[in-house]
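Q: how would this look folded up:
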Amino acid sequence: MCAAALAAGAVSSMAQNVYSLNVVGYVNKSFSSGNYVLVGNPLNGTNNNLSTIIPSPPNFTIINRWNASIQDLDPTQPTFFTSTGKWTSDPVLNPGEGFFVIAGANFTNTFVGNVPQGALTNPVPIIGGGNYVAVAPNVPLGGGISNVLSGYVPGNFDIVNTWNVGIQDLDPNQPTYFTSTGKWSSDVNLAVGDGFFLIRSGAATTWTQNFTVQ
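A: Numbers count the residues shown, from 1 in each chain. Predicted coordinates for the structure are as follows:
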């Protein structure tokens, strides 16, 4: 669920269920105990530190970031302890990066911040060669692949791999882009704040999204 308080217009219709005037909003994401959930920070908080965007999760909640250089989960796992009210480390998680949240108990986090606007280059390098990169839109976008990946120019055999919370694994449906048809082989629906893996078959590229409040 997501919403926003507005002061002068409505956010582009591409931002599902986000409404804004002053372009400050919130997005609610629910997490279930012990399950890996792949998300992205959909809004710009005051500093985007983990302690700012997820300030008070349940005890033993863990963050797992994807390390594209080793093609595996990063060995550093920030963990929240209610005894101290702090995370063991406090990385910056900017909009655009996909990361896993493993909740210590069921909870709902409210991401609060400004809706990013303008020509926004994803901070996560989109490396090529079939490597997995964990990403999310720079802005609070949901919907099908073409909407969520607005601004990204896909190459032949690029793949989108979403995370299936129910089976706790990558979803067996892997939408693949074919330049011969100019289409993805299938579509998936992503909610605002969802992360996913983008596997680019060709050379590295940048992903720039244009987003404005109307």
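
Q: could you list the domains of the chain?
A: Listed by automatic domain parsing, the domain ranges of the chain are 2-114, 118-211.

Q: least confident of those domains, on average?
A: Mean pLDDT is lowest for domain 2-114 out of the domains of the chain, coming in at a mean of 86.

Q: check the gap between the residue most central in space within the chain and F81 for me.
A: Central residue of the chain (C-alpha atoms, centre = their mean): G40, 2.4 Å from the mean position. The gap separating G40 from F81 is 24 Å, by C-beta to C-beta, to the nearest Å. From N, CA and C alone the C-beta is placed, and that goes for glycine too.

Q: same check, this time on L198
A: For L198, the distance to F81 equals 33 Å [C-beta to C-beta].

Q: what about the helices in this structure?
A: 50-53, 145-148 (DSSP state H).

Q: check contacts around the closest residue to R200 other than its chain neighbours.
A: Closest residue in space to R200, ignoring its immediate chain neighbours: G128 at 4.7 Å, by C-beta to C-beta, 6 or more residues apart in numbering. Contact analysis of G128 by C-beta atoms under 8 Å, 6 or more residues apart in numbering lists G155, R200, S201, G202, A203, A204, T205.

Q: burial check on the third one, number of neighbours?
A: It refers to S201. Per other C-beta atoms under 10 Å, the neighbour tally for S201 reads 16.

Q: OK, contacts around it?
A: Contacts for S201 (C-beta under 8 Å, 6+ apart) come out as G128, G129, G130, G155, N156, F157, D158, I159.

Q: for ChimeraX, what selects the buried ones among those residues?
A: Buried subset of the contacts of S201, written as a ChimeraX selection, criterion 16 or more other C-beta atoms under 10 Å:
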select :128,158,159
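
Q: now, which of the contacts of S201 lie within strands?
A: Within the contacts of S201, residues falling in strands by DSSP state E are I159.

Q: is F107 in a bridge, and if so with what?
A: F31 (DSSP bridges).

Q: so it makes contact with F31?
A: Yes: taking contacts as C-beta atoms under 8 Å, F107 lies within contact range of F31: 5.7 Å.

Q: and those two? Which one has more around it.
A: For F107 and F31, the more surrounded residue by other C-beta under 10 Å is F31, and the numbers stand at 23 against 17.

Q: distance of that one from T110?
A: To T110, F31 is 12 Å away according to C-beta to C-beta.

Q: now the helices of the chain in JSON lines, with distance to G85 and mean neighbour count?
A: Below are the helices of the chain laid out as JSON lines (distance: least, C-beta to C-beta, whole Å; neighbours: other C-beta atoms under 10 Å):
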{"stretch": "helix 50-53", "distance to G85": "9", "mean neighbour count": "19"}
{"stretch": "helix 145-148", "distance to G85": "34", "mean neighbour count": "19"}
